[in-house]
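> here is my input; please provide its structure:
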Amino acid sequence: MELAVIGKSEFVTGFRLAGIRKVYEVTDTPTTESAVKSVLEDKSIGILVMHNDDIGNLPEILRRNLNESVQPTVVALGGSGTGSMSLRDKIKQAVGVDLWK
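Sure, this is the predicted structure:
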């Protein structure tokens, strides 16, 4: 399973330097939507990393698809935190158990 990153240039640069191969550099909401749809269809991707603000700018149905997605599991970093579930909730959703208890 691979890791994919979607975001603006300043967000994806560090991931690219770390050797992540599936990096989708986007400039606006329409290109972000296209990249997200592409990642959701790619069964080789297990984890998708995005900036919280980019998730918040997506249409409601696509945000819902990301929040409910188990594969890939979406990890939202930075921003206001309004666009996605917490990492704790994502792990609970993926494994079915709350590991913090």
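
> for the longest helix belonging to the chain, which positions count as buried?
In terms of residue count, the longest helix belonging to the chain (DSSP state H) is helix 29-41. Neighbour counts using 16 or more other C-beta atoms under 10 Å place 32, 35-36, 39-40 of helix 29-41 among the buried residues. C-beta here means a position set from N, CA and C on the backbone, and glycine is covered the same way.

> tell me the helices and strands packed up against that helix.
When contacts are defined as 3 or more C-beta pairs under 8 Å, 6 or more residues apart in numbering; DSSP states H and E, helix 29-41 packs onto strand 2-7, strand 22-25, strand 45-51, helix 60-68.

> what is the orientation angle of it with strand 2-7?
Put simply, helix 29-41 runs at 170 degrees to strand 2-7, going by axes from the mean of the first three to the mean of the last three C-alpha atoms, to 10 degrees.

> can you tell me what sits against helix 29-41?
With contact meaning C-beta atoms under 8 Å, 6 or more residues apart in numbering, helix 29-41 is reached by 4, 6, 22, 24, 26, 45, 48, 50, 54, 57-59, 62, 65-66, 69, 72.

> picking up where we left off before, quick one, which of the helices and strands packed on helix 29-41 is nearest to Ala94?
Comparing the helices and strands packed on helix 29-41 against Ala94 with C-beta to C-beta, the closest turns out to be strand 45-51 (9.8 Å).
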